[in-house]
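Student: curious how this folds, go ahead:
(one chain, ligands or ions: 2)
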Amino acid sequence: MTSWHPASWQSRTAQQQPKYPDPAALEAVIAQLSRLPPIVVSWEVEALKARLASAQRGDAFLLQGGDCAETFQDCESDQIARKLKILLQMSLVLLHGLKKPIIRLGRMAGQYAKPRSADLETRDGVSLPSYRGDLVNRPEFTAEARIPDPQLLLRGYERAALTLNFVRALIDGGFADLHHPEYWDLGFLKHSPLQDAYQRIADSIADSLDFLESVSGRAIHESVTADFYCSHEGLLLAYEQAQTRFIPRQQRWYNLSTHLPWIGMRTAQLDGAHVEYMRGISNPVAVKIGGGMDDAWAQGLVTTLNPQNEQGRLAFIHRFGAKDIEKHLPRLIRAVRATGQSVLWICDPMHGNTETATSGLKTRRFENILKEIELAFAIHQEMGSHLGGVHIELTGDDVTECTGGARGLTDADLQRAYRSTVDPRLNCEQSLELAMLIADRARGGRR
Ligand code: PEP
Ligand code: CO
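Tutor: Ligands and ions are numbered 1, 2, ... in the order given. The predicted model follows:
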């Protein structure tokens with residue numbers, strides 16, 4: 001490895017970085033962030049890596065989910081608890097269907113920075129810098145709001161810590177205890193066509209636990225209280241760098257702002273700053289891959305980001321779209337194989353299936369999301385590979401942003417409760433239904 005340090009990315013081209021008008025103010029904030037305590041700790045990061053290694057072997061399954069972009073305003077207790085609940089419910093359903101431990105990875109507690117396709121946004125002839133997420137600037141369309149503000153890095157760090165603190169307290173308090181799946185009830189289920197099916201799964205798990213405990217004569221704790229990890233797109237490298245620490249006990253560098261940072265599709269250039277930064281940290285890292293990625297690029301990512309072929313270190317999150325997955329996934333599985341190394345394969349069925357409804361709103365169809373996951377399972381199986389997880393954009397709220405699902409939401413419903421400022425998310429009911437259908441297909445119910 002040529003010499004790496006937390007700032008070595010600065011000698012490379014960094015895509016998607018804001019232009020701060022006052023570099024000294026940015027430096028002062030970075031210095032402050034570098035002294036603040038970490039949000040996660042190295043042994044949790046290593047524990048996640050070990051669990052991802054088991055998903056890579058096919059012995060566990062990863063559920064990664066959350067908002068496309070968290071906002072500072074949504075950092076409040078009900079929102080966080082609802083998001084945690086839907087993720088726990090989905091994991092319960094997946095556990096029951098897949099008969100494998102489920103690794104829960106929130107797309108939360110730090111998912112505040114967004115890549116944009118254009119640097120400028122133009123409205124009525126006025127052009128302003130694009131909104132890049134709450135970590136960078138503000139969404140209102142005024143010159144003032146769109147100026148990148150380094151103070152927002154501190155506000156984001158604080159909200160990430162507040163969010164994870166609450167999640168940890170809920171989990172420690174038994175919120176995720178499989179002995180009490182009734183705690184995980186969501187109000188919406190009372191009127192949902194899915195309620196009976198979900199209740200049967202929860203009861204069946206409670207019965208299995210009772211049975212095991214009466215046979216073994218002791219309470220089952222191991223892997224019963226769920227652990228929960230967090231992840232975000234590691235986009236803003238100054239922020240990530242400030243939270244990068246050398247841990248003497250491990251003799252390795254870690255990004256302690258999150259358990260797993262990922263590189264987005266737009267910033268995954270082999271000679272770019274993001275790959276340079278990620279190659280030196282010991283966290284598990286992921287890269288989003290799409291149809292535009294050729295074999296040599298994917299192979300370069302494997303050898304650069306995981307030269308020792310450490311298991312659980314590198315995940316590829318594929319997002320081709322239901323239409324294109326058959327064209328690209330097999331070739332990329334072969335390309336990775338040709339390196340003699342392996343990765344954890346995760347299917348993101350959201351970002352390749354985005355379309356614009358006639359109203360102009362961005363949406364995704366439930367049937368395409370499900371189809372891409374089904375195809376991913378089938379392709380991995382045919383090729384003797386494992387689909388190790390799914391990556392879903394969802395919310396615990398009852399929004400109408402994606403169409404389809406058990407309630408048959410249509411384009412006309414989108415207006416009713418469309419709240420996302422970025423990508424359309426599955427609502428709580430659609431998320432649970434998706435988990436049920438994945439579990440169903442995994443039990444052999446393939447069409
Ligand atoms: C995202 O995950 O919200 C995103 C921007 O994805 P991608 O990098 O895959 O386009
Ligand atoms: Co998104």
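Student: what helix or strand is the residue in the stretch 1-150 of the chain that ligand 2 sits nearest to located in?
Tutor: Closest contact between the stretch 1-150 of the chain and ligand 2, by CB to the ion, is at residue 68 (3.4 Å). Using the backbone N, CA and C atoms, a C-beta is placed for each residue, glycine as well. For residue 68, there is no host helix or strand (DSSP states H and E).
Student: same deal with residue 239?
Tutor: Going by DSSP H and E, residue 239 is part of helix 237-242.
Student: and if you look at residue 122?
Tutor: Counting by DSSP H and E, residue 122 is found in strand 120-123.
Student: ok, and for the next helix or strand along the chain from that strand, which residues are buried?
Tutor: From strand 120-123 onward toward the C-terminus, using DSSP H and E, the following helix or strand is strand 126-129. Buried positions in strand 126-129, judged by neighbour count with 16 or more other CB atoms under 10 Å: 128, 129.
Student: paired strands for strand 126-129, with orientation please.
Tutor: strand 120-123 (antiparallel) (DSSP bridges).
Student: need the contact partners of the strand it pairs with.
Tutor: Strand 120-123 is contacted by residues 127, 128, 129, 130, 131, 141 when judged by CB atoms under 8 Å, 6 or more residues apart in numbering.
Student: check contacts around the residue nearest to the fourth one when sequence neighbours are not counted.
Tutor: The spatially closest residue to residue 130, leaving aside those adjacent along the chain, is residue 116, at 4.3 Å (CB to CB, 6 or more residues apart in numbering). Counting by CB under 8 Å, 6+ apart, residue 116 makes contact with 16, 130, 131, 132.
Student: list only buried entries from the residues you listed.
Tutor: Buried among these (16+ other CB under 10 Å): 16, 130, 131, 132.
Student: restrict those to contacts with ligand 1.
Tutor: Near ligand 1, judged by CB under 6 Å from any ligand atom, there are no entries from those.
Student: pipe these into JSON lines and attach pLDDT per row.
Tutor: Below are the buried ones among the contacts of residue 116 laid out as JSON lines (pLDDT from 0 to 100):
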{"residue": "16", "pLDDT": "97"}
{"residue": "130", "pLDDT": "95"}
{"residue": "131", "pLDDT": "96"}
{"residue": "132", "pLDDT": "97"}
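Student: got the residues you listed as JSON lines, with secondary structure columns?
Tutor: JSON lines is the format used below for these (DSSP: H, G, I helix; E, B strand; the rest coil):
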{"residue": "16", "secondary structure": "coil"}
{"residue": "130", "secondary structure": "coil"}
{"residue": "131", "secondary structure": "coil"}
{"residue": "132", "secondary structure": "coil"}
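Student: can you tell me the SS state at the residue nearest to residue 418 when sequence neighbours are not counted?
Tutor: Closest residue to residue 418 apart from its sequence neighbours, by CB to CB, 6+ apart: residue 401 at 5.5 Å. When classified by three-state DSSP, residue 401 comes out as coil.
Student: next, the contact list for residue 401, please.
Tutor: Counted by CB under 8 Å, 6+ apart, residue 401 has contacts 361, 363, 364, 414, 417, 418, 419, 420, 424, 425, 426, 427.
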